[in-house]
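Student: Predicted model, plus sequence, below.
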Amino acid sequence: MRKHIPLSGRSRSILRRPLSVLVSLFAVVVGALVWSAPAQAHGSVVGPPSRAYQCWQKWGSDHMNPAMQTEDPMCWQAFQANSDTMWNWMSALRDGLGGQFQARTPDGTLCSNNISRNASLDVPGQWKATDVGSNFSVHVADQASHGADYFKVYVSKQGFDPEAQSLGWGNLDFITQTGSFGPSTDYTFDVSTSGYAGRHIVFTIWQASHTDQAYMWCSDVNFG
């Protein structure tokens with residue numbers, strides 16, 4: 001009969017060590033996830049929807065559907081280029097611009113906020129457009145309640161073709177700059193325009209108030 005040999009204190013310590021290492025590793029991983037979560041919580045224009053948000057809203061839960069290629073070719077090319085652009089539709093931000101938006105954002109990179117991983121958003125084409133009137137509202141979702149020093153809104157000039165031309169600063173008419181907004185998860189403000197018809201881009205800049213953090217988005221619209 002095999003005798004049971006009791007473990008010494010040293011043996012118990014050796015056996016416990018792998019378990020303690022695993023517990024510590026698990027704690028580190030969980031801590032890292034908790035720490036990183038707020039960094040992913042920012043915001044975007046959700047009405048009229050920004051390009052990335054529109055693609056995520058329409059195809060996020062169905063992004064493997066081959067029908068996207070023919071039904072929504074611009075979202076298709078964006079998902080093919082980098083699907084992270086859509087999963088992180090709320091994170092098109094840059095820090096420390098000091099209000100130098102034009103000087104530090106080259107023509108042709110406005111829709112991506114000059115973020116290389118989002119370059120697909122700068123590609124001209126048949127992006128799905130939202131119908132608007134001359135007076136419309138801009139709705140911004142702010143998951144982290146950053147607040148806003150202001151929003152700036154521009155509209156592409158009459159005659160600019162968003163299906164064939166990449167957007168530059170010279171293609172924009174400045175429309176309005178808002179006042180400040182306190183921390184909230186949603187901001188809505190009215191925009192009044194005149195003289196626009198057909199396809200256009202509404203270009204919005206959000207200067208967050210919690211730090212020097214700037215967001216830029218293109219929303220495709222059709223003025224009725």
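Tutor: Everything's here; your move.

Student: Count the residues that sit near Phe181.
Tutor: When neighbours are counted by other C-beta atoms under 10 Å, Phe181 registers 21. From N, CA and C alone the C-beta is placed, and that goes for glycine too.

Student: Likewise for Pro124?
Tutor: Neighbour tally, Pro124, other C-beta under 10 Å: 16.

Student: Same question for Leu110.
Tutor: Leu110: 26 neighbours (other C-beta under 10 Å).

Student: now do Asp84
Tutor: 13.

Student: Now do the contacts for it.
Tutor: Asp84 sits next to Arg117 when contact means C-beta atoms under 8 Å, 6 or more residues apart in numbering.

Student: can you rerun that using 10 Å?
Tutor: 52, 91, 117-118 (C-beta atoms under 10 Å, 6 or more residues apart in numbering).

Student: Could I get the pLDDT score of the residue lying closest to Ala81 once chain neighbours are set aside?
Tutor: Using C-beta to C-beta, 6 or more residues apart in numbering and skipping the chain neighbours, the partner closest in space to Ala81 is Ser120 (3.9 Å). As predicted, Ser120 sits at a pLDDT of 98.

Student: if we can go back for a sec, return the item of the contacts of Asp84 having minimum pLDDT.
Tutor: Among the contacts of Asp84, Ser91 has the lowest pLDDT, at 89.

Student: how about the nearest residue to that residue, chain neighbours excluded?
Tutor: That would be His42: by C-beta to C-beta, 6+ apart, it lies 5.2 Å from Ser91.

Student: Make sure the one you found is actually in contact with Asn113.
Tutor: No - look at His42 against Asn113 with C-beta atoms under 10 Å: they stay out of range, at 11.6 Å.

Student: Name the residues contacting each of the two.
Tutor: Contacts common to His42 and Asn113, judged by C-beta under 10 Å, 6+ apart, are 91-93, 215.

Student: gap between Asn82 and Ser120?
Tutor: 6 Å (C-beta to C-beta, to the nearest Å).

Student: meant to ask about Pro106
Tutor: Distance from Pro106 to Ser120, by C-beta to C-beta: 16 Å.
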